[in-house]
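Enquirer: Would you be able to build a 3D model of this:
(one chain, ligands or ions: 1)
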Amino acid sequence: MRIIRKIYKFPIPAFATRLIDNPIRRRLLQKPELIAERMQLKPGMTVVEIGPGKGSYTKAVAEKVQPNGKVFAIDIQESIINRLKKKIKKESIQNIIPKIDDAYNLSFEDESVDRIFAITCLPEIPDPIRILMEFKRILKPDGIISLSELFLDPDYPLRRTEKRWAKEAGLDFYEGFGNWFVYQLNFIKKKPSY
Ligand SMILES: C[S@@+](CC[C@H](N)C(=O)[O-])C[C@H]1O[C@@H](n2cnc3c(N)ncnc32)[C@H](O)[C@@H]1O
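Expert: This next block holds a predicted model:
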């Protein structure tokens, strides 16, 4: 994957997301079910995912917000969104909404989203702090932003780097899972006062 990054500076091409999202990763490293479980999802929630890739994580989250919940799967690349549209049509998934949008300037109202997540995605984007500030804008006061990273990703950041980005964006660290090789960090707007 690091070789791909040498050739394609930004963004990662759609074909490479097929390589990233392979069965070994889904069964052993970043299990979609487990990642979804750690987001404290509830039926009816509105969720935004940035960089859905093949949609494995989108699907796991979409199942947990049923009934009445939905997942907006956002990407700047039309090819990624078109591929996801085909997948959800083939699998008759009703509550995933693929959408071309820019994470720097999301077309969502202030404080309108319950959860925002990104899997091996944020570090690829050149200004992650600005992206986190945009996440903060659209997140409800009691919402959660969940970021998961894997060492094999060419843009992998250390946990402390991602925590620093979040702090600079005005977010509080809430909880973390995993280890240096594969981790998931949850952030909130403000720590609960209890
Ligand atoms: C590394 S891929 C995501 C991989 C996927 N989450 C997975 O785990 O298989 C990063 C994605 O972020 C998208 N992206 C980059 N900058 C973006 C932006 N400003 N707004 C929305 N999507 C963006 C890219 O087009 C790319 O599809």
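Enquirer: do you know how far residue 103 is from the ligand?
Expert: Distance, residue 103 to the ligand, using C-beta to the nearest ligand atom, to the nearest Å: 3 Å. To be clear about C-beta, it is placed using only N, CA and C from the backbone, and glycine gets the same treatment.
Enquirer: what residues are up against the nearest residue to residue 188 once chain neighbours are set aside?
Expert: Closest residue to residue 188 apart from its sequence neighbours, by C-beta to C-beta, 6 or more residues apart in numbering: residue 174 at 4.5 Å. Applying C-beta atoms under 8 Å, 6 or more residues apart in numbering to residue 174 gives the contacts 144, 186, 187, 188, 191.
Enquirer: Quick check: bridge partners of the second one?
Expert: Applying DSSP bridges to residue 186 gives these bridge partners: residue 146, residue 175.
Enquirer: can you pull the buried residues of the host helix or strand of residue 136?
Expert: Using DSSP states H and E, residue 136 maps to helix 128-138. By neighbour count with 16 or more other C-beta atoms under 10 Å, helix 128-138 contains the buried residues 128, 130, 131, 132, 133, 134, 135, 136, 138.
Enquirer: ok, those vs the ligand, which is closest?
Expert: residue 131 (6.9 Å; C-beta to the nearest ligand atom).
Enquirer: picking that back up, least confident of the contacts of residue 174?
Expert: On pLDDT alone, residue 191 ranks lowest of the contacts of residue 174, at 63.
Enquirer: need the longest helix for the protein.
Expert: helix 78-90 (DSSP state H).
Enquirer: which of the contacts of residue 174 tops the neighbour count?
Expert: Among the contacts of residue 174, the one with the most neighbours (other C-beta atoms under 10 Å) is residue 187, at 27 neighbours.
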